[in-house]
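*Asks:* 3D, please:
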Amino acid sequence: MLSLLRLASCSKALQRCVFQDSSFLWIQIDMTTINTKFCKRLRDKQLEALLRRTNAVEVTKCLNLKGCSGLRGSGIAPLRGSRALREVNLSFCGGQRTRND
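*Replies:* Modelled structure (predicted):
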């Protein structure tokens, strides 16, 4: 998934391909497949942007945020009212933040 996000940052055409023309890529969003440091640094604003960009409310069926300790909950707001979403894993999310976060 991280590779897709990097690819999308290369050009407008690739960005359109990754986010608009390939909704099947976002049926399952699994943060556990990304390295742990990235997962722990993920914040609500970043997650919210990703979910909006990928039209997750209509596409995503499975969301795994296990271990994303930087999340507080507001980042999943774009999924409100989703009829596609079937499975969510929020275990080990929302840990304590330090002053530097």
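
*Asks:* next one: residue 93 from residue 40, what distance?
*Replies:* Going from residue 93 to residue 40 by CB to CB, to the nearest Å gives 10 Å. For the C-beta atoms, the positions are set from N, CA and C on the backbone; glycine is no exception.

*Asks:* between these two, what contacts are shared?
*Replies:* 67, 68, 69 (CB atoms under 8 Å, 6 or more residues apart in numbering).

*Asks:* closest one to residue 25 out of those, please.
*Replies:* Taking CB to CB as the measure, residue 25 lies nearest residue 68 of the shared contacts of residue 93 and residue 40, at 19.6 Å.

*Asks:* what sits against the closest one?
*Replies:* 31, 39, 40, 42, 47, 92, 93.

*Asks:* filter these down to just the buried residues.
*Replies:* 31, 39, 42, 47, 93 (16 or more other CB atoms under 10 Å).

*Asks:* neighbours around residue 54, how many?
*Replies:* 22 (other CB atoms under 10 Å).

*Asks:* identify the residue nearest it in space, chain neighbours excluded?
*Replies:* Excluding the flanking residues, the one nearest residue 54 by CB to CB, 6 or more residues apart in numbering is residue 26, at 4.1 Å.

*Asks:* go ahead and confirm that neighbour touches residue 56.
*Replies:* Yes: taking contacts as CB atoms under 8 Å, residue 26 lies within contact range of residue 56: 6.2 Å.

*Asks:* which residue ranges of this structure form helices?
*Replies:* 2-8, 12-19, 36-41, 44-53, 56-59 (DSSP state H).

*Asks:* what packs against the third one?
*Replies:* With contacts taken as 3 or more CB pairs under 8 Å, 6 or more residues apart in numbering; DSSP states H and E, helix 36-41 sits against no other helix or strand.

*Asks:* residues making contact with that helix?
*Replies:* 2, 31, 32, 67, 68, 69, 70.

*Asks:* if we can go back for a sec, for the shared contacts of residue 93 and residue 40, which one is nearest residue 85?
*Replies:* residue 68 (16.7 Å).

*Asks:* re earlier: state the number of residues packed around the residue nearest to residue 54.
*Replies:* Around residue 26 there are 22 residues (other CB under 10 Å).
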